[in-house]
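**Student:** A predicted structure for the sequence below; I have some questions about it.
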Amino acid sequence: MTDIPMDTMVRAAAHPRRDIGLKARYAAERRFRIYGGLAISVGLAFLAIMLITIVSKGYTAFWQTTVTLPINFDAKMIDPSNKRATDPSVLIKANYPKLAESALIAKLGIDPSNKPMVMKLKGFLSEGARVQLRDIVAADPSVIGTTRDVNILAAANLDSAFKGQIDLSVEEARRKVSDQQIAWMNKLKADGVMAEHFNTGLFSYGASSRPETSGMGVAIIGSFYMMVIVLLLALPIGVAASIYLEEFAKKNRLTDLIEVNINNLAAVPSIVFGLLGLAVFINFLGMPRSAAFVGGLVLTLMTLPTIIIATRAALAAVPPSIRSAALGLGASKMQMVFHHILPLAAPGILTGTIIGLARALGETAPLLLIGMVAFVADYPTTPFDPATALPVQIYMWANEAERAFVERMSGAIIILLVFLMAMNITAIVLRRRFERRW
Amino acid sequence: MSSLLVLAIVVAIGVVAFLIGRQRAAAHENGTVKPHSRAHYHGWWAFLLAVLPALLLLAVWNIGSSFYLDRHIHAVLPERTADSKVASEALDVSLVKSLARGLRQLDGNTALPATFAELQPLLAAKGVALASDTQDYMIPIAVETNKVQGMLGWFGAVVTLALSIAGALYALRQIAPRARARNSVETLMLWGLLAASTIAILTTIGIVLSMLFQTITFFESVSPISFFFGTVWDPRFADAGSGGSRGQFGLIPLLAGTLYIAAVALLVAVPIGLMSAVYMAEYASAKVRGVVKPALELLAGIPTIVYGIFAVVTLGPFLRDLSAALTGGSPFIQGQSIFTAGLVMGVMLIPVVSSLSDDIITAVPRAMRDGSLGLGATRSETIKRVILPAALPGIVGAILLTASRAIGETMIVVLAAGVAANLTVNPFEAMTTITVKIVNQLTGDLEFNSPQTLVAFALGLTLFALTLVMNIVALYIVRKYREQYE
């Protein structure tokens, strides 16, 4: 076959590249990458939306509208029969709202005999004026007979109207503030008498049926007691348990059982701890309901596994050379642990403890069961008095219908989140700062 | 003498013993014999011997004497007759006890009136409020009870203090240069450490026993079959003391709601969480990781009540209005619905899934990854064909752990899922869960013997058993998987 003409010979052309679907594979690669990016963005977007809605709803809770009125502490009104020297209860029972109302009437220039107009003033000032003025008089009875300027709280509806949260285009009968009240409000605002101040009451008041005089004072104290109890119990017990398991325990059935238990307790639903607290601490041991002490015990049991797991990791991270060196110099095993290992593991233990505390601070479900959903108006003086907790207070406000309570609730969430973030950031900073790589 | 005072004295004795012991031992340090333990160990040993046995005795004595008092009151109470004014024997005893506590507030000099009607204003003046069905015959019994209790208290205090001093003296006498005080102290410390680590076991036992007892009492009035297989939940709150009208306690609607919501949550959380973990482990640059990882941790640190409130205040109304706008009238998504609760719970679980799977994905050995890439696979092919199959058991474990979190989650469903126990397949309607019903049955005033209250413990036990099985299986899988590559 040598006579084949050259021109008929098939020239070996460059082999066309075999289609191995590279384009499709790269497209799939890009798609996959985009899915991953999307997944993360969805998570972060949700975080952002949640924080933005809460902050936008709640930031107004930190301001409260008050009306500065010259209150005439008229002796005839407070103590008509002049018995206060002999019977101090007169000062408690006096008709203080009337004082505030007459001051407001004078300020607005309404004719006091014009009953229909006076009736329209109802619900302008907060009922809390009674307590406010009573406290002033009780603290210093010599004010009776004098006139002084007092910042009286406006009622919740007026507060909302003042902040522009009430839609004034709705017809008058269907909203909670009348046109006349709005007109008065604008007049007082123009006079500079009605103004917003920083809402200290949000941090100091206890429970109340009126939004403007309800606050988180009791809840903050209750949560504080619980955190102290958790810290005092869970940290020492958790560290002791971890030291035993990590440094002393022999590998046997008991140790295995303890480990399985701890890992399982870390994943038990928190509400189960509430049932435990109700059945054992309250029903069996007869401890008081609604008390911060019981709440603290329940949260301690819940936090222990977290602290133990973190502490064990911190202890295990200390290199064996330290142990050998200490033992070699003649320290006993106990001295080695307490003089050398524990101080080196302290930052890790601290981080774990703070994270555990943050979880305990935000925990609600078990506290509902041990009766911390309570209407507590007075500060608890000991951990055995009825109290509420920050997240429980939020839950209670969530069940209220009034708009002003929703505002307070969002404000309370902001405060809770600020606390939690401060704790978490402290933990992260501690970890970065003191973490040692061996 | 109050227990608190005794406690303070015992601790004071311990401190004195510590100081004396340390000083005596220090005196030996310059002697001819080399001491075995440092001086403060001798001090601590004296402190421990002075305090520990005494406190143990005090605790046992207090518990024992309160039991004895109960028996004593039982014994001296008059025989119950048909026309007894007080409902039960136990109530009788508790009335006497609270009366005795009230009488202790009065100063001893005033003569006690013979009838409760005269006594009540005296006690009220001291700020003691008593139940109005306290009977006249209880007054002398309460006085006698106080006398017995006072005597028991004094005797206990004297014995405790004697034991404390004896312990301190014994320890102080033992001090000698070659005495092994350190070893004794360390042995006690070791026992303390062991005791601390058994608290985990005690907690589990406490959970199981407390719920088991109440559940057994519950099953005395409601049969287990109608509880586990009943399809109607209608507990009918009974009036206090009426013995409890018969409600229906069917678990099925609650269990179905729980699983349905958890399933919706997992449908949201697993794909998103898993993809985030894959992206973070395989694609993200160090810079992105540095931002996203703390942000996800932040998402995990937000309390569940905040998610619940977001669902009920913002998302629920938004979805309802959106569905109303879509159909142009009636909303097909209710304000509280399975979908809303599941969606929000899913978002809450994203960081859980992603951090668990992140650990598992990074645990797959580098060599497997490099092998696949070296053979020409793209990164996504490596992930899909090599890494995920290798990590599968671990991921299954992570999903199980997440599912157990979803089943036990309370605050989101309490706020967002509704309270009506429906059986429905429409995800836009409301359904309720086990945890919601536990909260519903146990908030407010409780009576510990009505099935309406006790059912909460039966529900709790069911929940505990369910999550326990899931956790143990998940932990087993995760642990076994981790060992595979080590």
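**Tutor:** Yep, that arrived. Numbers count the residues shown, from 1 in each chain, chains lettered A, B, ... in the order given.

**Student:** what ranges do the helices span in the stretch 101-250 of chain A?
**Tutor:** A:115-120, A:129-139, A:156-162, A:179-191, A:201-204, A:217-243 (DSSP state H, counting those that start in this stretch).

**Student:** What of the stretch 101-250 of chain B?
**Tutor:** Under DSSP H, counting those that start in this stretch, the stretch 101-250 of chain B gives helices at B:116-125, B:138-174, B:181-221, B:224-229.

**Student:** re the thing from before, for chain B, find the nearest of the helices of the stretch 101-250 of chain A.
**Tutor:** Taking C-beta to the nearest C-beta, helix A:217-243 is the member of these nearest to chain B, at 3.6 Å. (Each C-beta comes from the backbone N, C-alpha and C, glycine too.)

**Student:** Identify whichever of the helices of the stretch 101-250 of chain A lies nearest to residue B:16.
**Tutor:** Among those, helix A:217-243 comes nearest to residue B:16, with 24.7 Å by C-beta to C-beta.

**Student:** which residues does the residue in the stretch 1-150 of chain A positioned nearest to chain B contact?
**Tutor:** Distances between the stretch 1-150 of chain A and chain B by C-beta to the nearest C-beta are smallest at residue A:36, namely 2.9 Å. Neighbouring residues of residue A:36 by C-beta atoms under 8 Å, 6 or more residues apart in numbering or on different chains: B:275-276, B:278-279, B:283.

**Student:** Mind telling me what element it is part of?
**Tutor:** For residue A:36, the host element (DSSP states H and E) is helix A:22-58.

**Student:** can you list the helices of the stretch 101-250 of chain A in JSON lines and add mean pLDDT?
**Tutor:** Below are those laid out as JSON lines (pLDDT from 0 to 100):
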{"stretch": "helix A:115-120", "mean pLDDT": "78"}
{"stretch": "helix A:129-139", "mean pLDDT": "81"}
{"stretch": "helix A:156-162", "mean pLDDT": "83"}
{"stretch": "helix A:179-191", "mean pLDDT": "83"}
{"stretch": "helix A:201-204", "mean pLDDT": "85"}
{"stretch": "helix A:217-243", "mean pLDDT": "94"}
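
**Student:** phi, psi of residue B:97?
**Tutor:** phi -60, psi -40 (degrees, to the nearest 10).

**Student:** Quick check: it touching residue B:72?
**Tutor:** No. If you go by C-beta atoms under 8 Å, residue B:97 and residue B:72 don't touch, sitting 11.0 Å apart.

**Student:** joint contacts of the two?
**Tutor:** Common neighbours of residue B:97 and residue B:72 (C-beta under 8 Å, 6+ apart) are residue B:145.

**Student:** Residue 324 sits in which helix or strand?
**Tutor:** No chain specified, so I'll use chain A. For residue A:324, the element it lies in under DSSP H and E is helix A:320-328.

**Student:** um, chain B though
**Tutor:** Residue B:324 belongs to helix B:316-327, assigned by DSSP H and E.

**Student:** does any bit of that helix sit next to chain A?
**Tutor:** No. Against chain A, helix B:316-327 shows no contacts by C-beta under 8 Å from any C-beta of the partner chain, the least distance being 9.7 Å.

**Student:** packing partners for the helix or strand following that helix?
**Tutor:** Next helix or strand after helix B:316-327 toward the C-terminus (DSSP H and E): helix B:338-362. Under the contact definition 3 or more C-beta pairs under 8 Å, 6 or more residues apart in numbering or on different chains; DSSP states H and E, helix B:338-362 sits against helix A:22-58, helix B:252-278, helix B:286-301, helix B:304-309, helix B:316-327, helix B:388-408, helix B:411-416.
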